[in-house]
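3D, please:
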Amino acid sequence: MILVLVDHDLGELDPLSLRAITAARRLSDDVEAVVIGDAGRSVAEVIGNHGVKVLHVATHDQLTDYTPAASGRAIVQLIEQLNPQAILAAGSPRGNEQLAHVATYLDLPMAAECSEITLGSPHRVVRARWAANLMEEALVHSELLIATVLAFSVEAEPVSGQASIQDFAVNLSSDDLRVRVISRGGDSNRGGVTLTDAKVIVSGGRGVGGPEGFGALEELAALLEGTVGCSRVVTSAGWRPHAEQVGQTGTKVAPDLYIAAGISGAMQHIAGCKNSKNIVVINTDPEAPIMAYADYAIIGDLHQVIPALTAAIKEMKGK
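This is a model prediction of the structure:
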């Protein structure tokens, strides 16, 4: 049996988890899932339609928001009950963090961001290194494989099915709860399309010039029914929230259209956007590293190009 950690944010499913479930189904016909916290039971119907037979819900009165160490402890307790051959999760920052706690508690190796997995003795994995610029083949010498699935390396494949729900109570110590979300503020979650779901992303970098420059990007993204992203330097400067960061330490995305405005293209940013189906680069520097990944390039000032694109789209749409 393969166990999959299905991540959710207050009951909202991380779509990368469906890809991890599909990867698990390629290894075994017997796939079960675990969610942390009572809010996670809302994902049962969707994951049942992706081949999960049983959804285990970890329950505790302190599991009300993201609590990575406690998540790891809960998963370990379930592993001891079920004895799966492998535990998988999405290769997202949260998936990697939670399974890292599992590996620490069990004193076992963990293989992060795997594009290929073959179960055996030892297990064989192909995993991304150096922002996926290098793919490494490795052998994992442990009875239980702990691994995350490289984002967008597997397409989610729905099947007809239904997942039964089984609750299990978790025993936690105060140490398990030292790191947890206790409140939320700001406007980073505005109810719009998320980076992982977006078909169109308009992303800005240092060249935008400041937080006020993102107004034009937001307008263009809204016209294209997409969302706004940004580079690490932008979040480091405090111009935009970390939730909008695309890159190795942010969110890995794969939209139909990725517009990169004023982004030079550091390796860490390319790791987050290179799976996009079409990349349009707007930059004054024709030698910027991101040009090597562009399907289309506009050499020019984004403060002139973005308004021109917006005006043309409005005209086309009759707005």
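
gap between the most centrally placed residue in the chain and residue 220?
Geometric centre of the chain, nearest residue: residue 92, 4.1 Å, by C-alpha atoms, centre = their mean. According to C-beta to C-beta, to the nearest Å, residue 92 stands 27 Å off from residue 220. (Glycine included, C-beta is placed from N, CA and C.)

care to break the chain down by domain?
Following automatic domain parsing, the chain resolves into domains at 2-177, 200-317.

need the distance between the two termini of the first one.
This means domain 2-177. Across domain 2-177, the terminal residues are separated by 27 Å (C-alpha to C-alpha, to the nearest Å).

where along the stretch 151-300 of the chain do the helices fall?
With DSSP state H, counting those that start in this stretch applied, the stretch 151-300 of the chain shows helices at 214-223, 232-236, 267-273, listed in chain order.

which parts of the longest one are buried?
If you call a residue buried by 16 or more other C-beta atoms under 10 Å, then helix 214-223 has these buried ones: 214, 216, 217, 219, 220, 221, 223.

C-alpha coordinates for it, PDB please?
Taking C-alpha atoms only, helix 214-223 is exported to PDB below (Å, rounded to 0.1, in the frame of the first residue of the first chain):
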ATOM      1  CA  PHE A 214       2.300  46.300  -9.900                       C
ATOM      2  CA  GLY A 215      -1.000  48.000 -10.500                       C
ATOM      3  CA  ALA A 216      -0.500  47.800 -14.300                       C
ATOM      4  CA  LEU A 217       0.300  44.100 -14.000                       C
ATOM      5  CA  GLU A 218      -2.800  43.400 -11.900                       C
ATOM      6  CA  GLU A 219      -4.900  45.100 -14.500                       C
ATOM      7  CA  LEU A 220      -3.400  43.000 -17.300                       C
ATOM      8  CA  ALA A 221      -3.800  39.800 -15.300                       C
ATOM      9  CA  ALA A 222      -7.400  40.600 -14.600                       C
ATOM     10  CA  LEU A 223      -8.200  41.100 -18.300                       C
END
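
mean confidence score for it?
Taken as a whole, helix 214-223 has a mean pLDDT of 97.

what does that helix rub up against?
The contact list for helix 214-223, computed with C-beta atoms under 8 Å, 6 or more residues apart in numbering, reads 200-204, 208, 227-228, 230, 239-240, 259, 261, 303, 306-307, 309-310, 313-314, 317, 319.

just to revisit the earlier point, got the buried residues of helix 214-223 as TSV, with distance to residue 193 columns?
Below are the buried residues of helix 214-223 laid out as TSV (distance: C-beta to C-beta, whole Å):
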residue	distance to residue 193
214	16
216	19
217	14
219	15
220	14
221	9
223	13
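
closest one of the residues you listed to residue 119?
The closest of the buried residues of helix 214-223 to residue 119 turns out to be residue 221 (C-beta to C-beta; 41.9 Å).
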